[in-house]
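# okay, sequence plus prediction incoming.
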Amino acid sequence: MAKNSSRKNIFNRPGYILYNSLLLAVFTCLTSSPAGAGAGTMETCGRKNEGKKILIIYESKYGSTADYVARIARNLCTYGYRVDYDRVLNAADADIPAYDGYIIAAAIYFGNTHPGYKKFLDTHRATLAGRPVAYCHNALNKARTGNSSPRTFWCFSYLQLLKNYPEIFSLPDFTCSTCPDCSNLPAVPYWVGLMPGRWVPRNGCPTDYIAMEIGGYGGLKDYERLAAADEYTERLVTNRFFEP
Ligand SMILES: Cc1cc2nc3c(=O)[nH]c(=O)nc-3n(C[C@H](O)[C@H](O)[C@H](O)COP(=O)(O)O)c2cc1C
């Protein structure tokens, strides 16, 4: 009898450990902060410049939005702007009204942006409403070199992030349901950057990885990311977006 129960315990132990490890992995994935979040450090460039002061707010779970933002900031600073950039979760500490213009840079996860953007835009709605605010959209869906499909941009529900704040983001009155074949798409405004997303499965959580594989987004796709960031900055500068 004693022998049996000790054997049972031995056989149960690996299952128990595996079960708990899986639970821990899922919990860690679901609750993990985006890479670097919480550091509380605003990054900055162009301190000695005399141009307009720009704040870039972003979030980045796997690092590509962070790369875009660093490149865009660097570019703007070479054009004479003063740029600060920080995670949306840290933005509560920033002096938001102190800036002349803003860029909201967001990646898409399962059709949504990080909830922190909504909170940020709700809180600073009145301040941002009267100032230039650009949007940098980072997604994998229909991404192609240097850009992302305009159809993707116009048709997906995550655009609600912009549509819910018409006083901040001025967009044409357009929804996919009013244009089922989408043959006549309005041009994406120049102040919207459509950035090719980046996804390296091995860096992801199993919960993310499996869902992405099922959705057909597995594998590393090599897009011209820096070129996309450069092109976006050029458009903002050429159109004097921050110089109303
Ligand atoms: C879990 C997960 C879900 C995603 N869901 C979408 C999606 O619904 N639509 C889309 O276009 N891209 C989606 N993507 C692609 C990301 O937007 C893209 O990989 C982006 O570059 C990630 O930004 P980051 O590196 O800053 O985290 C998803 C990526 C991951 C990892």
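Perfect, thanks for sending it.

# please enumerate the helices of this protein.
In the chain, the helices defined using DSSP state H lie at 2-31, 64-78, 115-129, 150-155, 160-163, 206-214, 225-238.

# and the contacts of the third one?
Residues outside helix 115-129 that contact it (CB atoms under 8 Å, 6 or more residues apart in numbering) are 57, 59, 87-89, 91-92, 96-97, 102, 104, 106, 161, 164-165, 167-168. Where C-beta positions appear, they are placed from N, C-alpha and C, glycine not excepted.

# if we use 7 Å, what do you get?
For helix 115-129, the external contacting residues (CB atoms under 7 Å, 6 or more residues apart in numbering) are 57, 59, 88-89, 91, 96-97, 102, 104, 106, 161, 165, 167-168.

# and which of those residues is nearest residue 137?
residue 106 (6.4 Å; CB to CB).

# OK, contacts around the closest one?
So residue 106 contacts 59, 113-114, 117, 137-138, 161 (CB under 7 Å, 6+ apart).

# up against the ligand, what does the chain have?
Within the chain, the positions adjacent to the ligand are 60-65, 107-111, 138-141, 197-199, 204, 208, 212 by CB under 6 Å from any ligand atom.

# shaky segments in this structure?
Per-residue confidence for the chain (pLDDT under 70) gives these ranges: 1-40, 142-148, 157, 177-182, 201-203, 215-223.

# what do you get if the cut-off is 50, keeping everything else the same?
Applying pLDDT under 50 to the chain flags residues 1-6, 33, 35-39, 145-146, 220.

# pretty sure residue 137 contacts residue 195?
Yes: taking CB atoms under 7 Å as the definition, residue 137 is a contact partner of residue 195 at 6.4 Å.

# all good on my end, thank you.
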